[in-house]
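1. dropping a prediction and its sequence here:
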Amino acid sequence: MENLKKVELHLHLDGSVRPSTIASILNIKEQKVKEKICVDHNTKNLEDYLSKFKLPISIMQTKENLTRISYELALDLKKDNVIYAEIRFAPLFHTKQGLTIEEVITAILDGLKQVPIKINLILCMMRGSNYEDNYKVIEAAYQFRNKGVVGIDLAGDEKNYPVNNFKELFEIAKDKKIPFTIHAGEADTYLSVDNAINLGATRIGHGVKAIENNSTIEHIKQNNITLEICPISNLNTKIYNDISSHPIKKLYDENINITISTDNRTVSNTTLNDTYQILRDTFHFTKEDFIKMNQNAINASFINEHEKELLLKELIEQ
């Protein structure tokens, strides 16, 4: 799996900070950091999972730290033989010590450009944030379009903040021609997937609950929607008890455009290589299957057609 060229579309920056980096910045033992930010037997649900982000976000408040963390994540992606990635984060989470949204984005881009991999950013609106703050995220995405930012996302508490609450914001994004993906069908039912598609999402973050309803599956097919599937994360949040129960193979057999991502490399204690290996061992996916999933990822990416052609060529010729 190490030699297979890969594309990753669903990857959170704050969930992928190296524990050694946090330990170094805070001058504490790395094991103590891991106990706070990596899943363990006490992680019972998505709420527990999301609590793991508090510590990394606390140190992601300076230009220096943001640049270092993004640089190191790009190196980690290179080690996984990733040829293209879209990394997402909520810019407002990193303005608590005085940085502007523009400074946050620029610092992260400064880190990424030091590694020879094509990587773009997706800016996250948060379900728990107010309208004004989420509007700022759209404005930032518009400001940095074609300068390293390719789209927006809606993340956070899916159950308590239904996607339809954000309809007006997504209308603004559409008017500005900003592509978007939406977290849906993870902590909530298949209905959230339907609602996200109805709002205009071309990609769904997770979307695994779609398997529970045949009409939702048809809705995905008819609209050529791509699912950003993060199987290890889904186990961590106890959506499924074990990998053999995960619907990724069923979704693939339904000819849904699925892609594979880690979600949060550090919190989920995984890599893309490890994830591919587990999926191959469990579901007997072949190299050709994985190439097809990566083709799906390229086709669904928020880059232009010429860039997609180059990546597809590189993927197919390996």
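-> Perfect, I can see it now. Numbering: from 1, shown residues only.
2. for this structure, which element, helix or strand, carries the lowest mean pLDDT?
-> Here the helix or strand of the chain ranked lowest by mean pLDDT, DSSP states H and E is helix 46-50, holding a mean of 85.
3. find the residue closest to Asn296 in space, skipping its chain neighbours.
-> Spatial nearest neighbour of Asn296, chain neighbours left out: Asn257 (4.4 Å); criterion: Cβ to Cβ, 6 or more residues apart in numbering. (Glycine included, C-beta is placed from N, CA and C.)
4. where do the strands of the stretch 1-150 of the chain begin and end?
-> 6-12, 82-89, 118-126, 149-155 (DSSP state E, counting those that start in this stretch).
5. counting by contacts, list what the first one packs against.
-> For strand 6-12, the elements it packs on are strand 82-89, strand 203-206, strand 226-229, strand 257-260, helix 272-283, helix 287-300, judged by 3 or more Cβ pairs under 8 Å, 6 or more residues apart in numbering; DSSP states H and E.
6. so where's this structure uncertain?
-> Applying pLDDT under 70 to the chain flags no residue at all.
7. longest helix in it, please.
-> Counting by DSSP state H, the longest helix found in the chain is helix 63-79.
8. buried stuff in it?
-> Buried positions in helix 63-79, judged by neighbour count with 16 or more other Cβ atoms under 10 Å: 63, 65-74, 76-77.
9. for the helices and strands packed on strand 6-12, which one sits closest to Glu309?
-> helix 287-300 (9.1 Å; Cβ to Cβ).
10. between the helix or strand following that closest one and strand 118-126, how big is the angle?
-> Using DSSP states H and E, the helix or strand that follows helix 287-300 towards the C-terminus is helix 305-316. Interaxial angle, helix 305-316 versus strand 118-126 (axes from the mean of the first three to the mean of the last three Cα atoms, to 10 degrees): 110 degrees.
11. buried stuff in helix 305-316?
-> Here helix 305-316 shows 308, 311, 315 as buried, counting by 16+ other Cβ under 10 Å.
12. let me have these in CSV, extended by distance to Asn130.
-> As requested, the buried residues of helix 305-316 are exported to CSV (distance: Cβ to Cβ, whole Å):
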residue, distance to Asn130
Lys308, 36
Leu311, 37
Leu315, 41
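13. roughly how far apart are Thr282 and Asn257?
-> Distance from Thr282 to Asn257, counting by Cβ to Cβ, to the nearest Å: 21 Å.
14. is it correct that Pro56 is in contact with Asp14?
-> Yes. Using Cβ atoms under 8 Å, Pro56 makes contact with Asp14 at a distance of 5.0 Å.
15. so between the two, which is more surrounded?
-> Using other Cβ atoms under 10 Å as the criterion, Pro56 and Asp14 rank with Pro56 on top: 28 against 24.
16. ok, and the closest non-adjacent residue to Ala140?
-> Ile101 (4.9 Å).
17. next up, the contacts around the one you found.
-> 91-92, 95, 136-137, 140 (Cβ atoms under 8 Å, 6 or more residues apart in numbering).
18. please repeat the previous calculation with a cut-off of 10 Å.
-> Ile101 makes contact with 91-92, 94-95, 123, 133, 136-137, 139-140, 143-144 under the criterion Cβ atoms under 10 Å, 6 or more residues apart in numbering.
19. and for Val137?
-> Residues in contact with Val137 (Cβ under 10 Å, 6+ apart) are 90-92, 101, 123-126, 129, 152-154, 169, 173, 178.
20. tell me if Glu218 really is in a strand.
-> No. Read with DSSP: H, G, I helix; E, B strand; the rest coil, Glu218 is helix and lies in no strand.
21. with adjacent residues omitted, what lies nearest to Tyr49?
-> Leaving aside its chain neighbours, Tyr49 sits nearest to Thr237 (4.9 Å; criterion: Cβ to Cβ, 6+ apart).
22. sorry, that was for Leu26
-> Ile59 (6.7 Å).
23. surely that neighbour and Thr21 touch.
-> Yes. Using Cβ atoms under 10 Å, Ile59 makes contact with Thr21 at a distance of 8.1 Å.
24. shared neighbours of those two, which are they?
-> With Cβ under 10 Å, 6+ apart, Ile59 and Thr21 have common neighbours 65, 68-69.
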